[in-house]
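Participant: Need the 3D shape of this:
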Amino acid sequence: MDSGKQQAWHRWRNAREVELSGPDSWIGLIGLHWLEPGSNRVGSGEDCVVRLPGGAAHLGELLWAGDSLRWQPVKGEALELVTDRDGAPTTVDCAPLAFFVVERDGRLAVRLRDREWAKTQPFAGLAYFDYDPAWAIDAAWEALEPPVVMEVPNVTDDLKLVSVTHKAVFAVAGEPVELLPMSVSEREVFFVFRDRTSGRDTYGAGRFLKAKPAQDGRIRLDFNFAFNPPCAFTAFATCPLPPPENWLSFAVEAGEMKPAKSA
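Facilitator: Numbering: from 1, shown residues only. So this is what the prediction gives:
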């Protein structure tokens with residue numbers, strides 16, 4: 001491969017290593033607690049909705065009323081919280097723990113993180129297939145008339161309806177392939193897929209792939225940048241699973257491989 005592609009690929013790999021080895025890694029998640037409208041007690045006490053593994057029996061209350069979400073600590077001033085619906089959520093620090101609120105189809109949940117996780121389970125690193133230029137594919141970006149509505153499951157068995165207006169069309173070893181995106185924005189197109197390496201060399205539930213928006217009816221799919229979803233590293237993620245339409249009948253020997261076990 002040319003030096004530009006090689007450098008971009010290595011930068012991407014380095015960024016993944018930094019992200020997953022840092023204090024805010026998915027690996028450090030230790031809990032997912034679903035909230036109810038009203039007051040949700042936070043602390044180590046048995047009566048807490050968000051149960052902490054230690055510390056004060058009552059740390060504070062998460063107050064959810066309509067579109068308002070507020071953190072009211074036992075000591076200190078109240079704080080209006082933002083969920084992850086439109087970007088980065090507000091993080092509440094209660095060292096060495098931290099928590100933030102995620103929104104999933106109108107439901108709210110607290111993700112609890114141990115920011116000192118690496119002291120007890122050092123990051124084991126990531127493995128990759130060698131870069132193969134053949135897996136950098138120029139695909140047609142074809143409109144679907146009418147759009148397809150998919151029922152997309154996630155790892156918690158919830159279903160989400162996704163309306164798909166386009167598909168990526170290409171061929172592998174002469175075999176026609178269609179790949180449906182999970183979401184399309186001005187910044188990127190997001191795919192979830194599985195293939196013949198899933199469960200053997202790569203994570204069994206599938207992998208994620210991001211591409212730049214299509215231009216002039218074409219989209220570039222570089223499977224060398226395929227990566228593991230958060231649920232490959234933690235039980236406290238709510239990852240979408242690949243729809244049956246994106247179960248590929250061949251092995252994609254490119255991108256990130258199955259995560260190694262942490263020490």
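
Participant: can I assume residue 153 is in contact with residue 159?
Facilitator: Yes: between residue 153 and residue 159 there is a contact at 5.5 Å, judged by Cβ atoms under 8 Å. Placement of C-beta: from N, CA and C, glycine included.

Participant: Show me which of the two is the more surrounded one.
Facilitator: residue 153 (14 against 11; other Cβ atoms under 10 Å).

Participant: which non-adjacent residue is nearest the more buried one?
Facilitator: Distances taken as Cβ to Cβ, 6 or more residues apart in numbering put residue 241 closest to residue 153, at 5.0 Å, once the chain neighbours are dropped.

Participant: number of nearby residues for that neighbour?
Facilitator: If you count neighbours by other Cβ under 10 Å, residue 241 ends up with 17.

Participant: Repeat that for residue 139.
Facilitator: The burial count for residue 139: 20, using other Cβ under 10 Å.

Participant: separation between the closest residue to residue 52 other than its chain neighbours and residue 235?
Facilitator: Closest residue in space to residue 52, ignoring its immediate chain neighbours: residue 44 at 4.7 Å, by Cβ to Cβ, 6+ apart. Noted for residue 44: a distance of 21 Å to residue 235, by Cβ to Cβ, to the nearest Å.

Participant: Looking at the two, which one has more neighbours?
Facilitator: Neighbours were counted for residue 44 and for residue 235 using other Cβ under 10 Å; residue 44 has more, 14 against 10.

Participant: What ranges does the stretch 151-263 of the chain have for its strands?
Facilitator: Shown for the stretch 151-263 of the chain, the strands assigned by DSSP state E, counting those that start in this stretch span residues 159-172, 175-179, 183-184, 189-193, 207-211, 218-222.

Participant: Take those and lay them out in TSV including distance to residue 259.
Facilitator: TSV is the format used below for the strands of the stretch 151-263 of the chain (distance: least, Cβ to Cβ, whole Å):
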stretch	distance to residue 259
strand 159-172	25
strand 175-179	23
strand 183-184	24
strand 189-193	17
strand 207-211	11
strand 218-222	21
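
Participant: Take the ones you listed and write them to a markdown table, including distance to residue 36 and mean pLDDT.
Facilitator: A markdown table is the format used below for the strands of the stretch 151-263 of the chain (distance: least, Cβ to Cβ, whole Å; pLDDT from 0 to 100):
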| stretch | distance to residue 36 | mean pLDDT |
| --- | --- | --- |
| strand 159-172 | 21 | 92 |
| strand 175-179 | 39 | 96 |
| strand 183-184 | 28 | 94 |
| strand 189-193 | 30 | 97 |
| strand 207-211 | 31 | 98 |
| strand 218-222 | 42 | 98 |
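
Participant: Figure out which of these is closest to residue 149.
Facilitator: Residue 149 lies closest, by Cβ to Cβ, to one member of the strands of the stretch 151-263 of the chain: strand 159-172, at 5.4 Å.

Participant: Remind me what the closest one packs against, helices and strands.
Facilitator: If contacts are counted by 3 or more Cβ pairs under 8 Å, 6 or more residues apart in numbering; DSSP states H and E, strand 159-172 sits against strand 136-153, strand 175-179, strand 183-184, strand 218-222.

Participant: on that earlier part again, what's the closest of the strands of the stretch 151-263 of the chain to residue 229?
Facilitator: Of the strands of the stretch 151-263 of the chain, nearest to residue 229 by Cβ to Cβ is strand 207-211, at 5.3 Å.
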